[in-house]
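S.K.: The following block contains a protein sequence and its predicted model.
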Number of protein chains: 2
Amino acid sequence: MQGITRTMLKKERHAFIIRQINLHNKVLSADLSNQLRVSEDTVRRDLIELADAGKIIKVHGGALSKSFHFPFQHLEVYAHDAKKVVAQKALKLIKDGMIVLTGGGTTMMELARMIPDDIRATFFTISPLVALELSEHPNLTVILIGGQFSKNAQVVLGSEVISFLSDIKVDLCFLGANGFSLSDGITDSDWDVVQVKKAMIKASNKLVVLSISEKLNSVKPMKICNLNQVAGLVTELKPSDEKLSEYQEKRVALY
Amino acid sequence: MQGITRTMLKKERHAFIIRQINLHNKVLSADLSNQLRVSEDTVRRDLIELADAGKIIKVHGGALSKSFHFPFQHLEVYAHDAKKVVAQKALKLIKDGMIVLTGGGTTMMELARMIPDDIRATFFTISPLVALELSEHPNLTVILIGGQFSKNAQVVLGSEVISFLSDIKVDLCFLGANGFSLSDGITDSDWDVVQVKKAMIKASNKLVVLSISEKLNSVKPMKICNLNQVAGLVTELKPSDEKLSEYQEKRVALY
DNA sequence: AAAGAAATTGCAAAAAATCGCATACAAGGT
DNA sequence: ACCTTGTATGCGATTTTTTGCAATTTCTTT
């Protein structure tokens, strides 16, 4: 084939695909193959790449926008018991009068649910769900940070959030970790989430990571911060567990 | 048949089914087969998959929402049917590409739930619950406004909100009314709510009040705005209803 | 118990995914 | 230049998924 075939580079195709997905929320491999004038094989390989990079969701026959998620809030929580243990331990870190900043996630929800009613504290959060849960407690002040609401992450993201965070300094920040490892610290796969989490860390004096042990030693594509910025790590394991020993050596407090 | 290009991917169908179930609390296989243009067999297989994943409850002839069994979300909304009618009518005011600002309340929730998937719009809201509901729709951009979360009103309130609102100008604002009367316009009984609603009105070009007829002609202690600032009023009554005639005279559009 | 609706099962065909391989092209390195 | 190396792409064969249909079984309902 001549020029045409080579004129559109892979990156251009990717950009085109993302545009299409943003526009229509979905794409069919066959359509893309037509529009891009490449074989369906190539399209599929492109989709695989984009899916691996976490930018789209690949399904049989095409791909969906990441923001296309399942509308069910009542799904059972994975590893629920472990998360409850994590939340229970994390509770002890909250002292009266503290200003706390939290992310989203099921573990944080559990924590929010378990906070004793007699604790008096101020919570900043990027998660509406966590805010709703926290508001059940009489002695908490809950500040919900505003911004664009992300359907995938179920938290607010974007510049609005980051700019708000840049104006506060809290005592304690609870963060869930998508990826957490000795060598790479906290990592994640969503660019917007990474930006916001970075800002959250910057806005807090002490960072505590909540994570079930299963997520330890996993690495995602994008870095949020190094291990030395993590003051504490809460898992469902006993601090003496040998899976955690290497973190202890790095002066991460274990709970 | 294979001639027809497959237009809906499996996950899309699943999402569609879940949404239908959340909306109606139940679905019939036959209906879904029609709406999705696939055989009932396929629908049944989809239902099986969703049921296996614990997302729905499959029954003879269709499926039920899981939350239907948990009285969790199913708390009754007062005058639910009337509010549904109000929401239905208000829907028609939303045009493609609009920027809409909304408050909280059960009527707004109903509206958020009923928005068709093909509408493309941007929603600003002070209610986390509404934000969550809106985010179920693929083509909406949802901006959750941040601020102190009020346990009573279940919306964010305070200076943070007001300052944010002062920086935007939207096409349309949907507001529920606690008190609504010919002489005193919109009134409310919570000072913080009043401040925020005032700011919301100022931030929008067109104000539409959603209210069940029961709340008409009631007055609360604090004033939000005069009737002449209200461009439209949506109730469950027919516009020709005589209870509304005096509002019509004041040049409030009735729906 | 009988009629009818819904579910299950087996099967076949279409669509999509996967895998191996050959080709084409770019980038160097010698 | 020539060769090597690595990446990208397309093609064909094979496998897996998905889907609809028909035959059969299992409810519901009356």
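M.R.: Okay, I see it. Numbering: from 1, shown residues only, chains lettered A, B, ... in the order given.

S.K.: Helices of chain A, start to end?
M.R.: Shown for chain A, the helices assigned by DSSP state H span residues A:3-7, A:10-24, A:29-36, A:40-52, A:80-91, A:106-114, A:128-134, A:159-165, A:191-202, A:245-249.

S.K.: starting at the chain centroid, how far to the longest one?
M.R.: Taking CA atoms, centre = their mean, to the nearest Å, the mean C-alpha location of helix A:10-24 is offset from the chain mean by 24 Å.

S.K.: Show me where chain A dips below the pLDDT cut-off.
M.R.: For chain A, the stretches with pLDDT under 70 are A:1-8, A:23, A:67-79.

S.K.: returning to that earlier point: out of the helices of chain A, nearest to residue B:21?
M.R.: For residue B:21, the closest of those is helix A:128-134, at 20.5 Å, according to CB to CB. (C-beta placed from N, C-alpha, C; glycine too.)

S.K.: hey, which of the helices of chain A is tucked in deepest?
M.R.: Each of the helices of chain A was assessed for mean neighbour count using mean count of other CB atoms under 10 Å in any protein chain shown. The highest is helix A:128-134, with a mean of 24.

S.K.: Would that helix count as contacting chain B?
M.R.: Yes: residues of helix A:128-134 contacting chain B under CB under 8 Å from any CB of the partner chain: A:128, A:129, A:131, A:132, A:134.

S.K.: Nearest spatial neighbour of the residue of the stretch 51-200 of chain A found nearest DNA strand D, chain-adjacent residues omitted?
M.R.: Among the residues of the stretch 51-200 of chain A, residue A:60 lies closest to DNA strand D, at 4.4 Å counting by CB to the nearest atom of the strand. Leaving out its chain neighbours, the residue that sits closest to residue A:60 by CB to CB, 6 or more residues apart in numbering or on different chains is residue B:10, at 6.2 Å.

S.K.: can I get the residues of helix A:128-134 next to chain B in a markdown table with distance to DNA strand C?
M.R.: As requested, the residues of helix A:128-134 next to chain B are exported to a markdown table (distance: CB to the nearest atom of the strand, whole Å):
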| residue | distance to DNA strand C |
| --- | --- |
| A:128 | 34 |
| A:129 | 33 |
| A:131 | 39 |
| A:132 | 36 |
| A:134 | 41 |
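
S.K.: What separation do you get for the residue nearest to residue A:60 and residue B:46?
M.R.: Distance, residue B:10 to residue B:46, by CB to CB, to the nearest Å: 7 Å.

S.K.: Over to residue A:95?
M.R.: 50 Å.

S.K.: same check, this time on residue A:239
M.R.: Taking CB to CB, one finds residue A:239 at 46 Å from residue B:46.

S.K.: For the stretch 151-255 of chain A, just list every one of the strands.
M.R.: Along the stretch 151-255 of chain A, the stretches classed as strands by DSSP state E, counting those that start in this stretch are A:156-157, A:172-176, A:179-181, A:185-188, A:207-210, A:222-225, A:232-234, A:253-254.

S.K.: Mind giving me the packing neighbours of the first one?
M.R.: In other words, strand A:156-157. strand A:147-149, helix A:191-202 (3 or more CB pairs under 8 Å, 6 or more residues apart in numbering or on different chains; DSSP states H and E).

S.K.: Save the ones you listed as TSV, and put in distance to residue B:203 too.
M.R.: Formatted as TSV, those follow (distance: least, CB to CB, whole Å):
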stretch	distance to residue B:203
strand A:147-149	17
helix A:191-202	25
